[in-house]
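Colleague: Turn this into a structure:
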Amino acid sequence: MTFQITVQPSGHQFPCDEDETVLAAAMRAGVGLPYGCKNGACSSCKGKVLSGAVSHKPHQQRALPPEEEEKGFSLFCCAVPHSDLVLEAREVAGSSDYPIKKMPSRVATLEKVAPDVIVISLQLPANEALKYRAGQYIEFMLRDGKRRSYSMATAPDNGPITLHIRHMPGGLFTDQVFTTMKERDILRFEGPLGTFFVREESDKPMVFLASGTGFAPIKAIVEEMQRAKSTRPMRLYWGGRRPQDLYMDALCRQWASDMPNFTYVPVVSNALPEDGWSGRTGFVHQAVMADLPDMSGHQVYACGAPIVVDSAKRDFVAQCQLPDEEFYADAFTSEADLAKP
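Modeller: Predicted structure coming up:
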């Protein structure tokens with residue numbers, strides 16, 4: 001059976017099969033619902049069911065607490081319809097501008113930039129190109145049918161696609177990257193995916209919040225803003241446990257030198273005496289709050305560990321007057337994150 005889905009306030013409509021998630025049907029129809037992880041962990045796709053009935057596939061309760069579900073909220077990435085639906089959701093302009101493609105690629109280079117971070121660059125087939133927006137990601141398709149998602153760390157049309165991969169010991173893909181992967185290996189991926197990119201219709205000052213390799217999509221965005229000679233004020237707060245986690249610190253300092261509208265604030269939470277760290281310390285999102293107690297006129301783009309992204313949204317909205325709709329996020333969810341209740 002096929003149901004009719006209507007999105008308000010746009011009025012856009014699309015069909016959805018009874019065994020299909022609302023998000024999958026929207027993507028197939030080119031309707032730009034926001035999303036991130038696609039597996040019920042990040043809450044980027046959360047909206048409200050105004051009429052009709054859905055059930056949810058397994059998801060994390062922190063992404064959709066029971067009390068929110070009782071009020072009609074839904075995670076569209078794991079919501080399956082049981083009737084025609086009317087949804088309330090913010091659509092993302094431009095999210096379907098570029099086709100999602102499945103492509104082979106060859107590992108061009110592997111560079112270890114930190115003890116647990118490798119930068120991979122990919123070579124695409126001759127005469128092939130991947131059109132995407134800075135901030136989006138690709139999914140590697142592994143042999144057993146599993147997938148692993150990584151944000152592109154290069155601005156579009158700015159050289160080979162690069163990815164920042166952190167080693168997760170025991171990880172199906174990252175163990176391979178750090179042990180047996182070599183140049184010229186073939187990897188298949190699908191992309192571009194995700195709605196984590198700059199809302200160009202705004203001229204508000206931008207706050208970029210990154211933890212660890214959450215820096216990757218923000219790097220692509222900053223490169224794109226720099227190439228476009230954007231004059232929007234930009235502040236990057238990059239957090240790590242130790243200084244070595246800020247593996248492209250020199251590049252960020254160069255941006256701050258080259259762009260008068262760009263400010264860089266590195267933050268380290270667990271520096272050791274031998275690190276000789278004299279900069280900002282503590283939780284990275286709290287450094288933002290100390291500098292910007294009033295964010296009512298800002299946009300925030302946050303990427304990194306779910307606990308960092310969730311804490312930032314909660315505190316920025318509750319304590320710093322950030323409008324809820326001006327917080328855009330891409331939470332990096334690992335298999336360990338997905339295994340949590």
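
Colleague: So what's the residue count around Lys204?
Modeller: Look at Lys204: counted by other Cβ atoms under 10 Å, it has 16 neighbours. Every residue, glycine included, has its C-beta placed from N, CA and C.

Colleague: Check the one 4 residues further on too.
Modeller: Using other Cβ under 10 Å, Phe208 is surrounded by 27 other residues.

Colleague: so what's the residue lying closest to Met1 once chain neighbours are set aside up against?
Modeller: Leaving out its chain neighbours, the residue that sits closest to Met1 by Cβ to Cβ, 6 or more residues apart in numbering is Glu18, at 4.7 Å. Taking Cβ atoms under 8 Å, 6 or more residues apart in numbering as the criterion, Glu18 is in contact with 1-3, 80-82.

Colleague: and Leu118, that's in a strand?
Modeller: Just to correct that, residue 118 is Ile rather than Leu. Yes. According to DSSP: H, G, I helix; E, B strand; the rest coil, the state of Ile118 is that of a strand.

Colleague: so what secondary structure elements neighbour the strand ranked longest in the chain?
Modeller: Secondary structure of the chain per DSSP state E: the longest strand is strand 101-114. Using 3 or more Cβ pairs under 8 Å, 6 or more residues apart in numbering; DSSP states H and E as the contact test, the elements touching strand 101-114 are strand 117-123, strand 186-193.

Colleague: Averaged pLDDT, the longest one. What do you get?
Modeller: I take that to be strand 186-193. Mean pLDDT, strand 186-193: 94.

Colleague: circling back: could you export the helices and strands packed on strand 101-114 as CSV, including distance to Cys252 and mean neighbour count?
Modeller: Shown next, in CSV, are the helices and strands packed on strand 101-114 (distance: least, Cβ to Cβ, whole Å; neighbours: other Cβ atoms under 10 Å):
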stretch, distance to Cys252, mean neighbour count
strand 117-123, 15, 20
strand 186-193, 24, 18
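
Colleague: Go through the ones you listed and name the closest to Asp291.
Modeller: strand 117-123 (26.6 Å; Cβ to Cβ).

Colleague: quick check, distance from that closest one to the centre of its chain.
Modeller: 18 Å (Cα atoms, centre = their mean, to the nearest Å).

Colleague: Repeat that for stretch 197-216.
Modeller: 10 Å.

Colleague: Start and end of that stretch, how far apart?
Modeller: Criterion Cα to Cα, to the nearest Å; first-to-last residue distance in stretch 197-216 is 12 Å.

Colleague: Now do the buried residues in that stretch.
Modeller: By 16 or more other Cβ atoms under 10 Å, the buried positions in stretch 197-216 come out as 197-199, 204-216.

Colleague: Show only the entries of those found in helices.
Modeller: 215-216 (DSSP state H).

Colleague: What is the nearest of the buried residues of stretch 197-216 to Ala250?
Modeller: Out of these, the member with the shortest distance to Ala250 (by Cβ to Cβ) is Phe215, at 12.9 Å.

Colleague: Quick one: residues in contact with stretch 97-114.
Modeller: 27, 118-125, 128, 130-133, 141, 160-161, 164, 177, 181-193, 244-245, 247-248.

Colleague: Same check on stretch 133-149?
Modeller: Taking Cβ under 8 Å, 6+ apart as the rule, stretch 133-149 contacts 37, 94, 97-98, 102, 130, 150-152, 155-156, 161, 163, 172-173, 187-194, 196-198, 217-218, 220-221, 223-224, 301, 330.

Colleague: Which of those residues fall in strands?
Modeller: 102, 150-151, 161, 163, 187-193, 301, 330.
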